[in-house]
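K.L.:
with the sequence up front, the predicted model follows.
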Amino acid sequence: DTGVSQDPRHKITKRGQNVTFRCDPISEHNRLYWYRQTLGQGPEFLTYFQNEAQLEKSRLLSDRFSAERPKGSFSTLEIQRTEQGDSAMYLCASSLNSGMSEQYFGPGTRLTVT
Amino acid sequence: GNSVTQMEGPVTLSEEAFLTINCTYTATGYPSLFWYVQYPGEGLQLLLKATKADDKGSNKGFEATYRKETTSFHLEKGSVQVSDSAVYFCARMFSGGYNKLIFGAGTRLAVHP
């Protein structure tokens, strides 16, 4: 296993379009997190899955955002009707379901909304 | 509240200089604390961690001690190398569950030969 992977690495879209990102966690990890990182800032938590259950969503996650993890493996993050303020790096992380397990981060998907 | 504050960058040092990057946090209780590093073009990597007061995390010559009296977790290295040039993020684990991380804004370190 080569770690957490994310696809695509870069996405440029026009305002108003919908985009979908994919995250493949480390195979034995049942915890999966999405974070968003804007330029010059640290990552901010968006949402958390334990297996296929979405257990927490940040207030940052407006109604235009939806995330799924249908089989408890890969996850998708969709943004509908994108806005310029959505431009950011979207990071996925996964960890084991035990105590303070380390979160392993993927390389991120950089979204640019024009 | 729940926040992490770290010193603003960029920090520019010559090779073999001593490094300190300050980090303080606000929290209820005693959360686990972390330093992550992001090398150019790469994803976040865990550098070190400490899970309780007075613990010292260490890795690759970097150290940080969990100080509950000053709610701090400053990152130090005795002799930096050019290869240490990266962005360093201090983080704490949110006390409310699910182990989500709260990050500082990051500090860019540039080391020159």
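P.N.:
The structure has been received and is ready for your questions.
K.L.:
contacts only, for the residue in chain B that chain A sits nearest to.
P.N.:
Per CB to the nearest CB, residue B:103 is where chain B lies closest to chain A, at 3.1 Å. Any C-beta I mention is one placed from the backbone N, CA and C, and that applies to glycine too. Residues near residue B:103 by CB atoms under 8 Å, 6 or more residues apart in numbering or on different chains: A:42-44, B:4, B:36, B:89-91.
K.L.:
out of those, who's the most crowded?
P.N.:
Of all the contacts of residue B:103, residue B:90 has the most neighbours under the rule other CB atoms under 10 Å in any protein chain shown, reaching 30 neighbours.
K.L.:
what pLDDT is listed against it?
P.N.:
The model reports residue B:90 with a pLDDT of 97.
K.L.:
contacting residues around it?
P.N.:
B:4, B:6, B:21, B:23, B:25, B:33-35, B:73, B:75, B:103-104.
K.L.:
what bridges to it?
P.N.:
Residue B:90 has these beta-bridge partners by DSSP bridges: residue B:35.
K.L.:
measure it to residue B:73 for me?
P.N.:
6 Å (CB to CB, to the nearest Å).
K.L.:
quickly list what's touching both of the two.
P.N.:
Joint contacts of residue B:90 and residue B:73 (CB under 8 Å, 6+ apart) are B:23, B:25, B:33, B:35.
K.L.:
can you pull the poorly scored residue ranges out of the chain?
P.N.:
Just going to use chain A. A:1, A:99 (pLDDT under 70).
K.L.:
meant chain B actually
P.N.:
B:1-2, B:95-97.
K.L.:
at which residues are the strands of the chain located?
P.N.:
Using chain A here. A:5-7, A:10-13, A:19-24, A:31-37, A:44-50, A:53-57, A:65-68, A:75-79, A:88-95, A:104-105, A:109-113 (DSSP state E).
K.L.:
try again with chain B
P.N.:
With strands called from DSSP E, chain B shows them at B:3-6, B:11-14, B:19-21, B:23-26, B:33-38, B:44-50, B:56-59, B:62-65, B:75-77, B:86-93, B:101-103, B:107-112.
K.L.:
alright, I will stop here.
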